[in-house]
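>>> model this:
(chains A and B, ligands or ions: 1)
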Amino acid sequence: MKEEILGKKAIEIADMIKKREVSASEVTGLFLERIEKLEPELGSFITVCAESAREKAKEIDKKIDSGEKVGRFAGVPIAVKDVLCTKGIRTTCASKILENFVPVYDATVIERISEASMIVIGKTNMDEFAMGSSTENSFFGPTKNPWDKERVPGGSSGGSAAAMAAGEAPWAIGSDTGGSIRQPASLCGIVGLKPTYGLVSRYGLVAFASSLDQVGPMTGNVADCAAMLEVIAGHDRRDSTSIPAQRNEYLEGLTGDLKGMKVGIVSELSGDGIDEGVLRCFRLTCEILESLGVICEEVSLPNFEYALSSYYIIAPAEASSNLARYDGVRYGFRARDNADSVWEMYEETRTGGFGQEVKRRIMLGTFALSAGYYEQYYGKAQKIRTLILRDFEKAFERFDILVSPTSPTVAFRIGEKVDDPLKMYLSDICTIPVNLAGIPAMSIPCGLDDGLPVGFQLMGPALSESLILNVSFALEEEIGFDAKPQTFRA
Amino acid sequence: MEFETVIGLEIHIELNTSSKMFCGCSTEFGGEPNARACPVCLGHPGVLPVVNRGAVESAIMLALALNCKISERSIFHRKNYFYPDMPKNYQISQYDVPLSVDGWFDIDMGEYERRVGIVRVHLEEDTGKSIHVGESGRIHGAEYSLEDFNRAGIPLAEIVTRPDIRSPEESSVFLQNLRDIAVYLGISDCKMEEGSLRCDANISISVDGKEGTKVEIKNMNSFRSLRRALSFEEERQRGVLNAGREVKQETRHFDEVGGETHSLRSKEEAFDYRYFPEPDLVPLEPDKEWTNDLRAKIPELPQEKRKRYESALLLPKEISSVLVGDRALAEYFERALTEGQDPVELGKWVSGELLALLRQESIPVEECRVEPSGLANLIKLVSEKVISGKMAKDVLREAFDSGERPEEIVKEGGLFQISDENELVGVVDDVIKENPMAVSDFKSGKEQALKFLMGKVMKKTRGKASPEEATRILTERLENQA
Ligand SMILES: [Zn+2]
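As a prediction, this is how the structure comes out:
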């Protein structure tokens, strides 16, 4: 039974439940058992919704037994990054300031997965307010990488990535502002997709940097990724930046046929600054692409050089404003009730409620927006953003998609970079340009270096999710990456 | 030294859309604190704003009425500052790319007109309301503060004028004109006492044509306090300059009780709002068609209406001002006018008798039980001499109270005026016969006697004799006797 479910695709589990080969309760119970067993060591979850998940599973089973209509992926559990608001389930963003915050509404994405009758099994750990690349910046403590528990799972969606790698959930959801889905997917050997900006509603996603944030699937395979995207993508009136595009049938697009395609290898992201072992896996994967009838050529996107610095102006600037609402007045943590003035209460609440990295970025962003500095910093960063988008557009005139490694390194050791923010920021060097341009990109596992997974990044023009999913699908078949960490077999 | 007062106004109008600027909450005034609030206007984690189309339409109409250019593309900005009645600790407003720019509006000051330039009309959201409990009554030194977010997120139109205003009186007239326009457009009730119309001012004194230092005045809660505050400030600044000192650039607070302004904060303490484009919203791009539709929806505005009343309908200024000053009253007047009565007579009745009754009973004209056509018919009866003006007033009162149509009251009460020659001659002859003393007084030249005799005639006819006719016949008969 256990082996039968574990290692199956989420969409296959859904089929089995529908055909009553297994019940939603059995599936949910299995994953809850694994969570219970693995959590003390891994720390993938901030909140496990054992009770509500079991109840929901029972309900679904009853419906299926009585032939009532259920959603498309009925009874399949899902792990949700603790940055998406879940009605009645606390949503912390891994911050002390929201330690006990229980939303009164569901994020649009949560509504959609509920419509598909999926079961939220728990809320996963992350870097506080999604700021970080290692999941070490969590008020609830770090998450360990299932491949090596001395190492980080990446971040900020490290909890979702680790839960997937360890088999604590059949699929998971993350959010990506500068690489927060793709980089941990890469470090944990799973599939992660950051959709086109505006394809998935941000309503109910606790904002970090509004112009960059996107919600996306984190799955064990490409088909699951396509299936979940079908569930969560689509226009939402409550998000003004949501694209009124037609929904795509992503699963149907997975043909594996790549003949005649042209792929650009981004020079800026496949040389200096990338570990040798990572590069080796990356080049091998490019060769596999060629073997599938794809033409691979190097292409330069010169303004990528400025992507990181531009990102670290724009994201903190927006964050400084987005996080201003956590002030102890209406909800969340309040330092003390008897402060001498509201200003004192603000100061103590925010000093005590936010962690180091969050405070660092709030200060960076506040400074960048200050009178007299705006043009010099924010204004300039926005111009670079435009230049990066042009670089991409130019490259997409010649190439169908672009590729690079997802992360410059494999999973690094816990504590290795936490005191050196600049070093930590470099973890997202390959993923950030995509967010600045608002285009879709995904990471798939392409091999191991020293026993640790390496991720391969595919980037496409706006709304080309079908295309990059299909290329990933073909590569997945051809690479046949089936390595699993020890934890998975536990 | 020649002094000139220079004033610019910054006005906020609460738009009367049914829902808030960025969420679906109701905008009704008052109510239990925090009853009209949702995750969006409370700034909960994860929420996003969605622009209220109705608010955009209201603001565009106002901008058009103030002769502004509508921007083909405008964007929202975040204005960042911490205050407990601001749920997000930033206000969504507009900054350097506003909804509309470069308008003007002429105000009529009686002896002269003044053209006031409009810098911009833009949209933003209102804040909540704080009550600071403690001796100071202000946030500084408060024991605790209570927050009501019912108002948070209500749409505001902000209107900024150029410093073209030259006196406190002009400021007040401008603000009243602006209020009238907003009311005519139906976009706001503009009640200063309820805070749906708010005004701050920048005032400076230029010396021999040289620009002076601007002082911002806040907390003027009525038209009267606007005049008082600016007059006080005008005098204060002139005094400072006369004493050879310099006016300090600062924000001052008007104290209603003392009638004075007090320093609130100096320029050095000014906030840095760290404006940046609101990433949660897309630009507003009203197309030509939409703007044209809205332009077509703009009704005749007060100024044009007043001009038309005076030049085409020949109404005296006092009457046209009263009528135009109240959109509903003007509408009543115009509906009555369609019955074809003399506009001046009608204007007199609407702005006189009818308005007096409405005010007496505190009834809004929309709820008046006398139909416009009923009033017109009543006036028709007067002009046809069926009833006298005096009788008409009584009939109007009765119609006002009972809701019965005036012409019905006249008919049922047999209130027709007697103008029939034969009937009147009979009455007059009787009166002459019965009052020989008065007749001889009249003949000896006592004019008073005629009035006495007329009184008798009216009494005999129970007030129904046509006064003109009766006077004519009485004089005739008396003179014939001689
Ligand atoms: Zn609301």
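>>> ok, and the closest non-adjacent residue to the residue most central in space within chain B?
Centroid-nearest residue in chain B, with C-alpha atoms, centre = their mean: B:Asp180, separated by 4.5 Å. Sequence neighbours aside, B:Pro302 is the residue nearest to B:Asp180 in space, at 4.3 Å (criterion: C-beta to C-beta, 6 or more residues apart in numbering or on different chains). Placement of C-beta: from N, CA and C, glycine included.
>>> thinking again about what came up before, is the residue nearest to the centre of chain B located within a strand, as I assumed?
No - B:Asp180: not assigned to a strand; according to DSSP: H, G, I helix; E, B strand; the rest coil it is helix.
>>> Show me what from the stretch 101-250 of chain A comes close to the ion.
Residues of the stretch 101-250 of chain A lying close to the ion (C-beta under 5 Å from the ion): none.
>>> can you pull out the strands in the stretch 101-250 of chain A?
Residue ranges of the strands in the stretch 101-250 of chain A, as given by DSSP state E, counting those that start in this stretch, are A:119-124, A:171-176, A:191-194, A:214-219.
>>> just the angle between the last one and strand A:171-176, please?
If you take axes from the mean of the first three to the mean of the last three C-alpha atoms, to 10 degrees, strand A:214-219 sits at 150 degrees to strand A:171-176.
>>> Compute the distance from the centre of strand A:214-219 to the centre of its chain.
5 Å (C-alpha atoms, centre = their mean, to the nearest Å).
>>> Check which helices and strands that strand sits against.
Contacts defined by 3 or more C-beta pairs under 8 Å, 6 or more residues apart in numbering or on different chains; DSSP states H and E place strand A:214-219 against helix A:158-165, strand A:171-176, strand A:191-194, helix A:222-232.
>>> B:Ser167 reaches B:Phe3, doesn't it?
No - B:Ser167 lies out of contact with B:Phe3 (C-beta atoms under 8 Å); the separation is 11.7 Å.
>>> Can I get stretch A:298-310 in PDB, CA atoms only?
Extracted C-alpha coordinates of stretch A:298-310, given in PDB (Å, rounded to 0.1, in the frame of the first residue of the first chain):
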ATOM      1  CA  GLU A 298      25.100  30.400 -26.800                       C
ATOM      2  CA  VAL A 299      23.400  33.800 -26.400                       C
ATOM      3  CA  SER A 300      24.500  36.800 -24.500                       C
ATOM      4  CA  LEU A 301      22.000  38.900 -22.400                       C
ATOM      5  CA  PRO A 302      24.400  41.700 -21.400                       C
ATOM      6  CA  ASN A 303      22.200  43.500 -18.900                       C
ATOM      7  CA  PHE A 304      21.900  40.400 -16.700                       C
ATOM      8  CA  GLU A 305      25.100  41.800 -15.000                       C
ATOM      9  CA  TYR A 306      22.900  44.400 -13.300                       C
ATOM     10  CA  ALA A 307      19.900  42.100 -12.500                       C
ATOM     11  CA  LEU A 308      20.900  41.300  -8.900                       C
ATOM     12  CA  SER A 309      21.600  44.900  -7.900                       C
ATOM     13  CA  SER A 310      18.400  46.100  -9.600                       C
END
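>>> Would you mark the buried spots in that stretch?
Judged by neighbour count (16 or more other C-beta atoms under 10 Å in any protein chain shown), stretch A:298-310 contains these buried residues: A:Val299, A:Leu301, A:Asn303, A:Phe304, A:Tyr306, A:Ala307, A:Leu308, A:Ser310.
>>> didn't the third one look like it was pressed against A:Phe392?
No - using C-beta under 8 Å, A:Asn303 is not in contact with A:Phe392, being 9.4 Å away.
>>> Can you verify B:Ile217 is assigned to a strand?
Yes - looking at B:Ile217 with three-state DSSP, it is inside a strand.
>>> got a pLDDT number for it?
In the predicted model, B:Ile217 carries a pLDDT score of 96.
>>> again, but for the one 5 residues further on
The predicted local distance difference test score for B:Ser222 is 93.
>>> before we move on, the earlier item: export the strands of the stretch 101-250 of chain A as CSV, with columns for mean pLDDT and mean neighbour count.
Below are those laid out as CSV (pLDDT from 0 to 100; neighbours: other C-beta atoms under 10 Å in any protein chain shown):
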stretch, mean pLDDT, mean neighbour count
strand A:119-124, 98, 28
strand A:171-176, 98, 31
strand A:191-194, 98, 32
strand A:214-219, 98, 30
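>>> before we move on, back to that, return the residues in contact with the residue nearest to B:Asp180.
By C-beta atoms under 8 Å, 6 or more residues apart in numbering or on different chains, the contact list for B:Pro302 reads B:Asn177, B:Asp180, B:Ile181, B:Tyr184, B:Val324, B:Gly325, B:Arg327.
>>> Poorly predicted segments of the chain, please.
Just so you know, I chose chain A. Applying pLDDT under 70 to chain A picks out residues A:1-2.
>>> My question was about chain B, not that one.
For chain B, applying pLDDT under 70 flags the ranges B:267-270, B:414-415, B:419, B:482.
>>> Report the buried residues of the longest helix anywhere in it.
Counting by DSSP state H, the longest helix found in chain B is helix B:223-242. Neighbour-count burial for helix B:223-242, counted by 16+ other C-beta under 10 Å, picks out B:223, B:225-234, B:236-238, B:241.
>>> Return the distance of that helix from the chain's centre.
Using C-alpha atoms, centre = their mean, the offset of helix B:223-242 from its chain centre is 25 Å.
>>> Could you name the helices and strands sitting against it?
Short answer (3+ C-beta pairs under 8 Å, 6+ apart): helix B:223-242 packs on strand B:3-14, helix B:168-185, strand B:197-207, strand B:215-220, strand B:250-255, strand B:260-266.
>>> Report the contact partners of A:Val27.
A:Ile5, A:Ile13, A:Ile17, A:Ala57, A:Gly75, A:Val76, A:Pro77, A:Pro170.
>>> ok, the residues you listed vs chain B, which is closest?
The shortest approach to chain B among these belongs to A:Pro77, at 22.4 Å (C-beta to the nearest C-beta).
>>> hmm, back to that, identify the farthest-apart pair in the contacts of B:Pro302.
B:Asn177 and B:Arg327 (13.2 Å; C-beta to C-beta).
>>> which one of the helices and strands packed on strand A:214-219 lies closest to chain B?
By C-beta to the nearest C-beta (comparing all of the helices and strands packed on strand A:214-219), the closest turns out to be strand A:171-176, at 10.9 Å.
>>> what packs against that closest one?
strand A:77-81, helix A:158-165, helix A:182-188, strand A:191-194, strand A:214-219, helix A:222-232.
>>> ok and that strand relative to strand A:77-81, angle-wise?
20 degrees.
>>> how far off helix A:158-165 does strand A:171-176 point, in degrees?
With the same axes, to 10 degrees defining the directions, strand A:171-176 sits at 150 degrees from helix A:158-165.
>>> Name every strand pairing with strand A:171-176 and say which way it goes.
The pairing partners recorded for strand A:171-176 under DSSP bridges are strand A:77-81 (parallel), strand A:214-219 (antiparallel).
>>> before we move on, the earlier item: extract the CA atoms of the longest helix of chain B and return them as PDB.
C-alpha atoms of helix B:223-242 as PDB (Å, rounded to 0.1, in the frame of the first residue of the first chain):
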ATOM      1  CA  PHE B 223     -17.200  77.900   5.100                       C
ATOM      2  CA  ARG B 224     -17.200  80.300   8.000                       C
ATOM      3  CA  SER B 225     -14.100  78.800   9.600                       C
ATOM      4  CA  LEU B 226     -12.300  78.900   6.200                       C
ATOM      5  CA  ARG B 227     -13.000  82.700   6.000                       C
ATOM      6  CA  ARG B 228     -12.100  83.200   9.600                       C
ATOM      7  CA  ALA B 229      -8.900  81.200   9.500                       C
ATOM      8  CA  LEU B 230      -7.600  82.800   6.400                       C
ATOM      9  CA  SER B 231      -8.500  86.300   7.500                       C
ATOM     10  CA  PHE B 232      -6.700  85.700  10.800                       C
ATOM     11  CA  GLU B 233      -3.700  84.300   8.900                       C
ATOM     12  CA  GLU B 234      -3.700  87.100   6.400                       C
ATOM     13  CA  GLU B 235      -3.600  89.600   9.300                       C
ATOM     14  CA  ARG B 236      -1.000  87.600  11.200                       C
ATOM     15  CA  GLN B 237       1.400  87.400   8.200                       C
ATOM     16  CA  ARG B 238       0.900  91.100   7.400                       C
ATOM     17  CA  GLY B 239       1.700  91.900  11.000                       C
ATOM     18  CA  VAL B 240       4.900  89.800  10.900                       C
ATOM     19  CA  LEU B 241       6.000  91.500   7.700                       C
ATOM     20  CA  ASN B 242       5.100  95.000   8.900                       C
END
